[in-house]
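Q: here is my input; please provide its structure:
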Amino acid sequence: MAEDFFQGYRGEALAVLKKFNVRVWGQSEIETTRGLFRGTVLPRSENNDDLHIVIKIESGYNVGIDITTIIRMTETGFNKANYKIPEKEFPYSDDKPNVKLFGTGGTIASRLDYRTGAVIPAFSPGELYGAVPELADVCNIRTEKLFAVFSENMGPDQYKILAKAIGDEIANGIDGIMIGHGTDTLHHTAAALSFMIQDSPVPIVLVGSQRSSDRPSSDAALNLIHASTAAGHGDIAEVLVCMFGPTSDEYGFLHRGTRVRKMHSSYRSTFRTIGDIPVATVRRGEVKPIKRDYNPRRSDRNVKIMPYFEENVTMIYFYPHMKADMVHSLIDNGYKGIIIVGTGLGHVNRELYPALERAQKENVAVYMTLQTIWGYVHMFVYETGRDMMAKGVIPLGNMLPEVAWVKLGWALGQTDDLEEVKRIMLTPINGEITEREPYNGYLVYQGGVPEVEEFIRRVHK
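A: Next up is the predicted model:
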């Protein structure tokens, strides 16, 4: 049998396929010590081991079968699959809004490259239409790929390029902006754009996908439909994150870009508004505000683009017995700003005091946020907090640590005057500091408690 029929297989796994005369893309029955499996044999990633055979079962999921469990394999058919997303011309309609989709990477619409196991973005309008034809019922979409990076590789340079590109599109009359982005640092980019793009007349909606498009449980299509609805038809002209609300397919949330955080590694409903409530829910054809204090869509093209960022800014997560050399090394290496993620109401140990005093003398901006995620920094309550304020540490209310890092970089990118930096940091721009947290902005459902279990059964996650 030709080697072309064994793509990516080698060693012992290859020997098993040859033994039973089963080919890649062959529909097969596989009898194992763990039961009978039916599915299509898939190519293996070149980087994977030689001890498993991978099949796609009827449900659409991929299963790896340990070759030591295989008793018999029988090929029942053969049909080489084409997993490339079909490309069709995206239809244009004069009566639909025009939305620009900027690509940065991520899995928002994608196919799986079975040679490497990598997810390959599908991004042109034609590919998007082929993947999610319902988008044509929502708006006219134009696309531009600015970057093709994993979200952990997004940073200040990308934030600035993205902000300028959005400003250009707004000036050219676009009705709404979508940004396809990997979910891991999507909230960092949302915060950066919230500061760099002010008073936008149109919605700017960041959207991602927890599960790639080749998976039956993918959230990519519905997130795209919801995001295009919000960008093209919604009245909320702010930087927003659009992802699943509940884990089911009922609706999406629109989260304000400065109050959102990724809270679960794999849930489709991973993004949550922290210390507040979401701005709106979105369903197919409907954006329903929850909050009333949002910036409405306007017909003008006026927007303020402020693409500034000082890269020598960092964030340190305090832990017991942290040594002062942690802070001294940052000062030695030229860092101009430090966000501390402190315990309780905003505390660190006394061992850091000499380094904090040095930071104050050398004009390093130091601000305090909280590990608790919810709640406010209150540094007047205990002696520790008052001591740190005397050494120049400034509390940041209920600003989230990641947002504080972004805002401090943005502020120091504009000025070296620490009093002006303080003014910028403590002046809310888009809800990054709020006067109070609503009673329903902090909800933790503790599993195992009878009343909580009953509530979950009656409602849903």
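
Q: residue 173 - how many residues pack around it?
A: When neighbours are defined as other C-beta atoms under 10 Å, residue 173 has 9 of them. From N, CA and C alone the C-beta is placed, and that goes for glycine too.

Q: list the buried residues of stretch 333-341.
A: Within stretch 333-341, the residues scored as buried using 16 or more other C-beta atoms under 10 Å are 335-341.

Q: who touches that stretch?
A: Counting by C-beta atoms under 8 Å, 6 or more residues apart in numbering, the neighbours of stretch 333-341 from elsewhere in the structure are 310, 312-318, 327, 330, 346, 348, 359, 363-371, 393, 401, 404-405, 408-409, 412, 416, 421.

Q: pretty sure residue 54 is touching residue 39, no?
A: No - applying C-beta atoms under 8 Å as the test, residue 54 and residue 39 come out as separate, 9.1 Å apart.

Q: what touches both of those two?
A: residue 63.

Q: sorry, back to before: list buried residues within the contacts of stretch 333-341.
A: Restricting the contacts of stretch 333-341 to buried positions leaves 310, 313, 315-316, 318, 327, 330, 346, 348, 359, 364-370, 393, 401, 404-405, 408-409, 412, 421, with burial counted as 16+ other C-beta under 10 Å.

Q: looking at those, which are in strands?
A: Secondary-structure check on these using DSSP state E: residues within strands are 313, 315-316, 365-370.

Q: now those in a markdown table, with distance to residue 193 and pLDDT?
A: Formatted as a markdown table, these follow (distance: C-beta to C-beta, whole Å; pLDDT from 0 to 100):
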| residue | distance to residue 193 | pLDDT |
| --- | --- | --- |
| 313 | 17 | 98 |
| 315 | 19 | 98 |
| 316 | 25 | 98 |
| 365 | 22 | 98 |
| 366 | 25 | 98 |
| 367 | 21 | 98 |
| 368 | 25 | 98 |
| 369 | 20 | 98 |
| 370 | 24 | 98 |
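
Q: where along the stretch 301-450 of the chain do the helices fall?
A: Using DSSP state H, counting those that start in this stretch, the helices assigned to the stretch 301-450 of the chain run over residues 325-332, 353-361, 383-390, 401-412, 418-426, 450-458.

Q: out of these, nearest to residue 154?
A: For residue 154, the closest of the helices of the stretch 301-450 of the chain is helix 401-412, at 11.5 Å, according to C-beta to C-beta.

Q: what mean pLDDT does the closest one have?
A: Taken as a whole, helix 401-412 has an average pLDDT of 98.

Q: quick one, it and strand 313-317 angle?
A: Angle of helix 401-412 versus strand 313-317, following axes from the mean of the first three to the mean of the last three C-alpha atoms, to 10 degrees, is 150 degrees.

Q: contacting residues around helix 401-412?
A: 156, 187-188, 191-192, 195-196, 258-259, 261, 306, 308-315, 336-337, 339, 341, 365, 367, 369-371, 396, 399, 420-421, 424-425, 432.

Q: before we move on, the earlier item: go through the buried residues of stretch 333-341 and name the one nearest residue 29.
A: Checking the buried residues of stretch 333-341 against residue 29 with C-beta to C-beta, the nearest one is residue 341 at 54.1 Å.

Q: mind checking which helix or strand residue 173 is in?
A: Per DSSP states H and E, residue 173 falls between elements, in no helix or strand.

Q: want to throw the buried residues of stretch 333-341 into CSV with pLDDT?
A: Formatted as CSV, the buried residues of stretch 333-341 follow (pLDDT from 0 to 100):
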residue, pLDDT
335, 98
336, 98
337, 98
338, 98
339, 98
340, 98
341, 98
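
Q: of all these, which two lie farthest apart?
A: 336 and 341 (18.1 Å).

Q: give me the low-pLDDT residue ranges for the chain?
A: For the chain, residues meeting the criterion pLDDT under 70 lie at 1-5, 45-47, 80-88, 106-126, 212-216, 443-445, 460-461.

Q: just list what whichever helix in it runs longest packs against, helices and strands only.
A: Taking DSSP state H as the assignment, the helix of the chain that covers the most residues is helix 156-171. With contacts taken as 3 or more C-beta pairs under 8 Å, 6 or more residues apart in numbering; DSSP states H and E, helix 156-171 sits against strand 98-103, strand 176-180, helix 186-196, strand 197-198, strand 304-305.

Q: can you do 10 Å?
A: Based on contacts counted as 3 or more C-beta pairs under 10 Å, 6 or more residues apart in numbering; DSSP states H and E, the elements that helix 156-171 packs against are strand 98-103, strand 140-145, strand 176-180, helix 186-196, strand 197-198, strand 204-207, strand 304-305, helix 401-412.

Q: buried ones in it?
A: Judged by neighbour count using 16+ other C-beta under 10 Å, the buried positions of helix 156-171 are 156, 158-160, 162-163, 165-167, 169-170.
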